[in-house]
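In: Sequence and computational prediction follow.
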Amino acid sequence: MNKDMGKNKLVLIAVIIGVICAAYFIYSNHNKKVVQEANPPVDRPSVEEEHLFPAPGKTVYQMSLYLDINTRSIYGTTILTTVNTSERILSDLVFTIYPDAFRQADSSPAPAPAYYAGFDAGWIDIDGIMINGKMAEYHKEGVSMQVIVPEPIKKGQDLRVEMKWRTRVPKAAYRFGYSDQVYMLGNFYPVLNVADRGGWLTTYNSAFGDPFCFHSADYLVGLNIPENYGMVSTGTVIERSAEDTGRQDYLIVAENARDFCLGIMYDYNGMYEYYDDLLITVVSPPGHEKQMESVLKQAADIIDYYSKTWGPYPYNEFKIAFVPMKGFHGMEYSGLIFLQDAFLGSTANQQRSEFILAHEIAHQWWYGVVGNDQIREPWLDEGLANWGAYKYLAGVRGKKITPPTEESVNLARELSDMYSTREYYHTAYTGGESFWFGLEEELGTEKVNRVLQRYYSDYQFRIANSSNLLDTIREEAGRDMEYYFNEWFY
């Protein structure tokens, strides 16, 4: 990038940030009444989670993003504002920098077939960090970055982190990567980790699973991309404008989002439909209009079923992007899911495709709204997503399902205790869904649904753990459940 281009980019970033702030407050005030009516105040349990940091509702990411397709780079600035809601003085901050997992071939989580042109490195470089107006030192190790706070942040004190960074997107058909003129941008920016009374919950690189644990936050994002590219993202586009330079700007707002994800694609088709007040959008390569229509209808049915069974879907939009991704059939993000474009083929198993769609949509409830530590308790969201997909297929689609017969699966295992993708799926997916089928036999479907309705209501936009869930089950069951829990946690 030449100096003039770099200067223009920085001016653009400054302008976008200012416009974002103004647009956000207009948007937020306009929608405040609707949000309050959709989510009336409820009594929250007094749980340890209340002391976690950074607190939902008090944390905002303002980001300006510029995509350079010549270098496959995202030039970004972040202004992160929050409050120290932890129980201690903060002398350091820890961020997840997931793109650095792709620096070396021997440690990349992407499978070898994803590198269609041979290994290609991805990474994130940091070009300066300021905390509350003062320059800060940082140290990177793996996918973690420790930032030393120049002046310790006291309990209740405001915190403002400003950083400039550049992410290089690898040529890889993966959840973070580039293939077939599609940028799949999951976990592409620095994210502040969660801290509890015991300290920071650090992230590590894993060849399988979702090695993440993040709090919900609000996002205000300015995006600048070439005008011949389209995009889908977490949140809602509140403004779009074209430049004379052949590029276009987007202003995006996302409230109570577990993360912020982007899909940027060339020569893609989009199709959308309103279902009551919910806008559902599907994007895919050209020539798949019939499949897109079918997926739109299926997604609406799935969201309606989960909303009636567990609790209402909290956002105004939901998006599905068919992308050239290997290693995962699908991948969930707040308000957006990636699905393998192989499901669009004429030979795709339709029931299997619908199961994957239902599984990924279930993650909007379990992982998205009700968060969990996907590193240390992966069964919490994956087991529920699988069980929910089976229940949808049986209850709405009338498909005959055979519940799994797994017994004595130790659900109290984290990713580091597992040594293969097969073991991970056996524990988190098969073991997790088996727990719920077994609980149905113990309590009945109606009572299990009441458990999940309460769990969803009590822990929405928070991070729950297995103990929280088991307590909810005990209270709804109204009897001793230790004999059942002991079968699954040992």
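Out: That came through, no problem. Numbers count the residues shown, from 1 in each chain.
In: C-alpha from now on. contacts and neighbour counts both.
Out: OK.
In: Packing partners of the host helix or strand of residue 263?
Out: Using DSSP states H and E, residue 263 maps to strand 262-266. For strand 262-266, the packing partners by 3 or more CA pairs under 8 Å, 6 or more residues apart in numbering; DSSP states H and E come out as strand 182-185, strand 229-233.
In: Given it, what are its sheet partners and their directions?
Out: strand 182-185 (antiparallel), strand 229-233 (antiparallel) (DSSP bridges).
In: what secondary structure does the closest residue to residue 283 other than its chain neighbours sit in?
Out: Excluding the flanking residues, the one nearest residue 283 by CA to CA, 6 or more residues apart in numbering is residue 270, at 4.3 Å. Following DSSP: H, G, I helix; E, B strand; the rest coil, we place residue 270 in the strand state.
In: Next: residue 426.
Out: Residue 426 falls in the helix class when you classify it by three-state DSSP.
In: For the residue positioned nearest the centre of the chain, list the residues it contacts.
Out: In the chain, the centroid-proximal residue (CA atoms, centre = their mean) is residue 333; its distance is 3.2 Å. By CA atoms under 8 Å, 6 or more residues apart in numbering, the contact set of residue 333 is 186, 234, 258, 259, 260, 261, 364, 368.
In: Identify, from those residues, the entry nearest to residue 441.
Out: residue 364 (25.8 Å; CA to CA).
In: so what pLDDT did that closest one get?
Out: Per-residue pLDDT puts residue 364 at 98.
In: Let me know the distance separating the closest residue to it other than its chain neighbours from residue 453.
Out: Excluding the flanking residues, the one nearest residue 364 by CA to CA, 6+ apart is residue 334, at 6.5 Å. Separation of residue 334 from residue 453 (CA to CA, to the nearest Å): 20 Å.
In: following the helix or strand containing residue 74, which helix or strand comes up?
Out: Here residue 74, judged by DSSP H and E, is contained in strand 73-83. With elements assigned by DSSP H and E, the helix or strand that comes after strand 73-83 is strand 90-96.
In: Show me what that next one is packed against.
Out: strand 144-153, strand 191-192.
In: from the middle of its chain, how far away would the strand holding residue 263 be?
Out: 16 Å (CA atoms, centre = their mean, to the nearest Å).
In: outside of that strand, which residues touch it?
Out: By CA under 8 Å, 6+ apart, strand 262-266 touches 181-186, 228-234, 321.
In: average pLDDT for that strand?
Out: Rounded mean pLDDT across strand 262-266 is 98.
In: before we move on, the earlier item: what about the residue nearest to residue 283, how many residues nearby?
Out: 18 (other CA atoms under 10 Å).
In: Return the residues in contact with it.
Out: Contacts of residue 270 by CA under 8 Å, 6+ apart are 281, 282, 283, 284.
In: need these in TSV with neighbour count, can you?
Out: Shown next, in TSV, are the contacts of residue 270 (neighbours: other CA atoms under 10 Å):
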residue	neighbour count
281	21
282	24
283	24
284	23
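In: Nearest to residue 160 among the helices and strands packed on strand 90-96 would be which one?
Out: The closest of these to residue 160 is strand 144-153. By CA to CA, the value is 10.3 Å.
In: Next secondary structure after that closest one?
Out: strand 158-168.
In: which residues are in contact with that following strand?
Out: Contacts for strand 158-168 (CA under 8 Å, 6+ apart): 71-84, 99, 121-133, 153, 188-189.
In: What subset of those residues is buried?
Out: 72-84, 99, 121-124, 126, 129-132, 153, 188-189 (16 or more other CA atoms under 10 Å).
In: for the stretch 1-150 of the chain, what spans make up the strands?
Out: 60-68, 73-83, 90-96, 123-131, 134-135, 138-141, 144-153 (DSSP state E, counting those that start in this stretch).
In: who touches the fifth one?
Out: Under the criterion CA under 8 Å, 6+ apart, residues 128, 129, 150 lie in contact with strand 134-135.
In: Now do that strand, average pLDDT.
Out: Here the average pLDDT along strand 134-135 is 98.
In: How is this protein divided into domains?
Out: 3-264, 268-357, 379-485 (automatic domain parsing).
In: Now render those as a markdown table, adding distance to residue 373.
Out: As requested, these are exported to a markdown table (distance: least, CA to CA, whole Å):
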| stretch | distance to residue 373 |
| --- | --- |
| domain 3-264 | 5 |
| domain 268-357 | 15 |
| domain 379-485 | 7 |
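In: weakest of these in terms of mean pLDDT?
Out: Ranked by mean pLDDT, these end with domain 3-264 at the bottom, a mean of 86.
In: returning to what we had before: for residue 118, see how far away the residue nearest to residue 283 is.
Out: Relative to residue 118, and taking CA to CA, residue 270 is found at 31 Å.
In: next one: residue 254
Out: Residue 254 is 36 Å from residue 118, where distance means CA to CA.
In: Please say which of these two ends up with more neighbours.
Out: residue 254 (24 against 12).
In: Enumerate every residue touching the more buried one.
Out: 218, 219, 220, 234, 235, 236.
In: so which of those residues is the most crowded?
Out: residue 235 (27 neighbours).
In: Quick check: which element contains the closest residue to that one other than its chain neighbours?
Out: Distances taken as CA to CA, 6+ apart place residue 254 nearest to residue 235, at 4.1 Å, with adjacent residues excluded. In the assignment (DSSP H and E), residue 254 maps to strand 247-257.
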